[in-house]
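1. What follows is a protein structure lacking sequence information:
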């Protein structure tokens with residue numbers, strides 16, 4: 001009888017899995033169905049016949065009296081194999097899963113949500129790992145509690161340490177709050193449970209809660225072991241609580257774990273983050289020469305501090321090196337843009353993994369070596385999502401936005417699943433191109449695939465919408481970001497500044513301080529820029545003067561904004577005086593701002609002085625020659641203008657051609673002034689002549705030939721003006737878009753006065769909203785007006 005009893009227990013241990021596997025139901029319902037069949041006498045199994053249903057022994061003390069009747073069942077999917085943990089010789093006498101079946105049935109065991117009582121502790125972990133939802137997990141754990149032989153002692157069942165692994169999974173079932181309930185109700189929690197929960201909290205980006213649990217563990221007089229401290233030290237690093245990490249180090253010494261290799265490695269990493277090379281070196285001095293983890297941590301410590309010579313010295317002394325040692329060194333040289341040293345180590349590596357290739361690729365990307373990066377990327381034997389992300393970031397940060405979008409299409413063809421980092425690079429590419437439709441597509445992807453809208457990704461979305469002309473969407477996304485850092489605030493303030501909303505920028509500037517976020521130097525660049533775009537001279541000067549109240553010293557960028565602010569207001573002498581009293585040597589940006597004011601107010605005398613200074617600073621910058629030449633031309637100094645343009649040709653300085661792009665149906669169309677390379681070029685020019693003719697007849701439009709600073713006939717000047725790139729892009733927009741749709745243009749240079757006036761007339765005549773982003777700001781044309789109020 002004991003043999004049969006053990007045999008039936010084996011069948012019982014697999015019964016729930018078999019029925020659940022066949023019918024696709026949860027474990028509790030599967031057990032209820034099986035018991036119902038047994039009690040009705042409809043289910044019998046021959047011993048050893050695993051192609052049929054497993055037998056449920058309903059009562060451990062009363063064997064069934066009916067004869068065995070084989071039942072042939074058609075299975076919808078294969079049965080699970082026999083659980084290896086249940087062997088007849090190892091089962092305790094009380095290891096039956098189900099007992100007192102008649103009593104349980106009387107209480108309604110046949111109901112779908114009935115709770116089955118079992119006491120086989122050896123199967124609890126196995127059962128928990130097989131759960132597919134929190135509901136099944138809670139049922140399983142409830143059964144383990146009912147089967148606990150000593151519930152009065154407050155001791156948790158043996159399966160408790162596996163709960164954090166399930167609840168912290170990145171699946172929809174994640175629910176660490178449930179584990180907290182188990183932990184808090186357990187009067188005598190095990191150290192193993194604490195370690196498991198701390199580890200899961202740390203890996204689930206909850207390091208602060210992990211440290212809180214560690215403190216609670218100490219308060220409950222639980223003694224941490226050598227598995228506790230590496231995870232706690234890691235949580236200190238991830239939560240930036242490195243001072244608490246020093247306290248943990250003292251507790252490590254007190255408990256006698258200071259020579260544990262894993263703890264030593266974690267502590268070295270902690271002190272590396274604190275930039276405390278002396279403490280890290282003292283820890284490293286007591287490490288074993290064969291402790292590879294500590295040696296790698298010490299190299300990483302020096303790399304993070306930028307001490308590559310010291311890192312190289314440790315690397316050279318290593319008795320044995322693994323791939324982590326090589327990768328850390330390559331990454332360190334790449335961060336410092338010492339590409340030759342990184343490439344030398346990369347070529348010497350005895351064995352490379354994908355991280356090795358990614359480290360070298362990241363080095364090229366960091367230094368802006370786009371061609372070298374793509375060449376290495378093409379040679380990679382295997383690529384992971386990090387490889388693609390690095391290459392996408394390289395293209396995006398180098399201004400090769402079209403290449404970034406094309407690479408993403410290739411990435412999708414390989415079936416690589418994008419991450420948050422992927423989306424950040426793609427949104428940056430859309431920002432550069434002004435490709436709003438593409439940006440909307442990527443935003444939809446983020447939402448549909450439930451990517452985490454963290455601070456970095458949320459800020460990238462704000463920047464994309466702001467630079468693509470939809471400041472309302474940018475503001476909406478900004479409010480949806482839960483944790484807003486200084487970068488997020490600076491992005492929305494700068495976005496509003498670009499759109500000419502100075503009041504909005506100042507309002508957010510005040511709001512961020514109420515939220516407890518202190519402004520930095522970039523914040524003041526953004527908010528002063530908002531004032532210069534709106535002509536708020538006094539407010540801009542007040543903000544500039546208030547920087548010292550925040551402990552921020554004005555930099556060249558701040559002086560450049562203020563000089564531009566004064567120059568736009570016509571206060572050229574005041575701007576010059578500020579330049580001469582700057583505490584640092586004025587750079588080209590500062591002089592360029594003043595030169596722009598000289599052009600606006602036709603001050604040739606000061607413009608000549610400033611222009612020559614700029615040409616000496618930037619002899620290869622075509623814009624400096626062009627602007628000074630235009631100042632000469634505006635004051636009818638044609639000989640000086642001609643001489644300056646000849647000087648450009650002699651030095652081989654080429655003028656940057658004006659170009660405008662428009663996004664239509666997911667494709668980017670680029671237009672250059674006077675170019676006829678577009679496939680629909682004939683239709684575009686016909687539409688443009690039609691628009692010009694209508695504006696002349698209905699609005700009295702006359703091209704502003706005074707904007708052409710060349711000694712040409714009036715007809716030639718009119719012809720040159722009509723071929724500006726933004727006009728071609730708008731004409732193509734009329735051909736491709738439906739009536740009433742907004743036309744969005746991005747131009748690489750400042751929009752000229754004639755184009756600005758003409759677009760205002762188009763918006764009024766055709767009842768069409770047109771948004772143009774030029775080199776400096778956005779222009780929203782609607783009903784004959786512009787958001788810049790003709791101040792740009």
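-> Okay, I see it. Worth saying up front: this structure is predicted, and the values here are computed from it rather than measured. Numbering: from 1, shown residues only.
2. Can you tell me the closest non-neighbouring residue to residue 238?
-> residue 207 (4.1 Å; C-beta to C-beta, 6 or more residues apart in numbering). The way it works is simple: take the backbone N, C-alpha and C, and place the C-beta from them, glycine included.
3. The one you found reaches residue 233, doesn't it?
-> No. Using C-beta atoms under 8 Å, residue 207 is not in contact with residue 233; the gap is 10.7 Å.
4. quick one: the residue nearest to residue 238 and residue 325, what's the gap?
-> From residue 207 across to residue 325, the span is 27 Å (C-beta to C-beta, to the nearest Å).
5. do residue 280 as well
-> Residue 280 is 17 Å from residue 325, by C-beta to C-beta.
6. Show me the strands in the stretch 651-792 of the chain, by range?
-> 659-664, 667-672, 743-747, 770-773, 778-782, 785-786 (DSSP state E, counting those that start in this stretch).
7. can you give me the helices in the stretch 151-300 of the chain?
-> Along the stretch 151-300 of the chain, the stretches classed as helices by DSSP state H, counting those that start in this stretch are 163-167, 176-185, 191-203, 207-219, 228-238, 242-255, 261-273, 277-285, 292-304.
8. Serialize these to TSV and add fields for mean neighbour count, distance to residue 694 and mean pLDDT.
-> Shown next, in TSV, are the helices of the stretch 151-300 of the chain (neighbours: other C-beta atoms under 10 Å; distance: least, C-beta to C-beta, whole Å; pLDDT from 0 to 100):
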stretch	mean neighbour count	distance to residue 694	mean pLDDT
helix 163-167	23	68	53
helix 176-185	15	66	64
helix 191-203	22	65	81
helix 207-219	17	65	88
helix 228-238	23	64	91
helix 242-255	16	69	91
helix 261-273	23	66	90
helix 277-285	16	73	89
helix 292-304	24	65	91
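9. Can I get these in a markdown table including distance to residue 772?
-> Shown next, in a markdown table, are the helices of the stretch 151-300 of the chain (distance: least, C-beta to C-beta, whole Å):
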| stretch | distance to residue 772 |
| --- | --- |
| helix 163-167 | 53 |
| helix 176-185 | 51 |
| helix 191-203 | 48 |
| helix 207-219 | 47 |
| helix 228-238 | 45 |
| helix 242-255 | 49 |
| helix 261-273 | 47 |
| helix 277-285 | 53 |
| helix 292-304 | 45 |
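10. tell me what the helix or strand encompassing residue 456 is packed against?
-> In this structure, residue 456 sits in helix 455-467 according to DSSP states H and E. Applying 3 or more C-beta pairs under 8 Å, 6 or more residues apart in numbering; DSSP states H and E, one finds that helix 455-467 contacts helix 420-433, helix 436-448, helix 471-480, helix 486-498.
11. could you dump those to TSV with distance to residue 611?
-> Compiled in TSV, the helices and strands packed on helix 455-467 are given as follows (distance: least, C-beta to C-beta, whole Å):
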stretch	distance to residue 611
helix 420-433	30
helix 436-448	37
helix 471-480	35
helix 486-498	27
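12. if we can go back for a sec, can I get the strands of the stretch 651-792 of the chain in a markdown table including mean pLDDT?
-> Formatted as a markdown table, the strands of the stretch 651-792 of the chain follow (pLDDT from 0 to 100):
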| stretch | mean pLDDT |
| --- | --- |
| strand 659-664 | 92 |
| strand 667-672 | 92 |
| strand 743-747 | 94 |
| strand 770-773 | 96 |
| strand 778-782 | 94 |
| strand 785-786 | 92 |
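13. hey, which of those is tucked in deepest?
-> When you average the neighbours per residue for each of these (mean count of other C-beta atoms under 10 Å), strand 743-747 leads with a mean of 25.
14. Parallel or antiparallel, which strands does it pair with?
-> Using DSSP bridges, strand 743-747 pairs in its sheet with strand 659-664 (antiparallel), strand 770-773 (parallel).
15. Distance from the chain centre to that strand, please.
-> 27 Å (C-alpha atoms, centre = their mean, to the nearest Å).
16. before we move on, the earlier item: between the strands of the stretch 651-792 of the chain, which gets nearest to residue 489?
-> strand 778-782 (19.7 Å; C-beta to C-beta).
17. So what's the residue count around residue 633?
-> 20 (other C-beta atoms under 10 Å).
18. how near is it to residue 704?
-> 14 Å.
19. wait, isn't residue 245 in contact with residue 229?
-> No. In this structure, residue 245 is not within contact of residue 229 by C-beta under 8 Å, at 10.3 Å.
20. just to revisit the earlier point, I'd like the helices and strands packed on helix 455-467 written out as a markdown table, with mean neighbour count and mean pLDDT added.
-> Listed next are those as a markdown table, based on neighbours: other C-beta atoms under 10 Å; pLDDT from 0 to 100:
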| stretch | mean neighbour count | mean pLDDT |
| --- | --- | --- |
| helix 420-433 | 23 | 95 |
| helix 436-448 | 17 | 94 |
| helix 471-480 | 17 | 96 |
| helix 486-498 | 23 | 96 |
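21. Ok, which of these comes nearest residue 784?
-> Shortest distance between residue 784 and the helices and strands packed on helix 455-467, using C-beta to C-beta, is found for helix 471-480: 21.0 Å.
22. and that closest one with helix 486-498, angle?
-> Calculated by axes from the mean of the first three to the mean of the last three C-alpha atoms, to 10 degrees, helix 471-480 forms an angle of 160 degrees with helix 486-498.
23. angle of helix 471-480 against helix 436-448?
-> Using the same axes, to 10 degrees: helix 471-480 against helix 436-448 is 20 degrees.
24. relative orientation of helix 471-480 and helix 455-467 in degrees?
-> If you take the same axes, to 10 degrees, helix 471-480 sits at 160 degrees to helix 455-467.
25. elements contacting helix 471-480?
-> Other elements packing on helix 471-480 under the criterion 3+ C-beta pairs under 8 Å, 6+ apart are helix 455-467, helix 486-498.
26. need the ones you listed in CSV with distance to residue 404, can you?
-> Listed next are the helices and strands packed on helix 471-480 as CSV, based on distance: least, C-beta to C-beta, whole Å:
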stretch, distance to residue 404
helix 455-467, 13
helix 486-498, 20
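27. Of those, which is nearest residue 614?
-> Of these, nearest to residue 614 by C-beta to C-beta is helix 486-498, at 24.6 Å.
28. Can you get me a residue count around residue 714?
-> For residue 714, using other C-beta under 10 Å, the count is 10.
29. got it, and the one 10 residues further on?
-> The burial metric for residue 724, expressed as a neighbour count using other C-beta under 10 Å, is 24.
30. these two touch, right, it and residue 673?
-> Yes. Counting by C-beta under 8 Å, residue 724 does reach residue 673; the two are 5.4 Å apart.
31. Could you tell me which residues touch both of these two?
-> Common contacts of residue 724 and residue 673 (C-beta atoms under 8 Å, 6 or more residues apart in numbering): residue 658.
32. And stretch 580-596, what's buried?
-> Residues of stretch 580-596 classed as buried under the neighbour-count rule (16 or more other C-beta atoms under 10 Å) are 586, 588, 590-596.
33. and of the residues you listed, the nearest to residue 518?
-> Nearest to residue 518 among the buried residues of stretch 580-596, counting by C-beta to C-beta, is residue 590 at 26.4 Å.
34. tell me what the helix or strand harbouring the closest one is packed against?
-> Here residue 590, judged by DSSP H and E, is contained in helix 588-600. Here helix 588-600 touches helix 556-568, helix 572-580, helix 604-617, helix 622-634, going by 3+ C-beta pairs under 8 Å, 6+ apart.
35. between those helices, which one is nearest to residue 290?
-> Ranking the helices and strands packed on helix 588-600 by proximity to residue 290 (C-beta to C-beta) places helix 556-568 first, at 52.1 Å.
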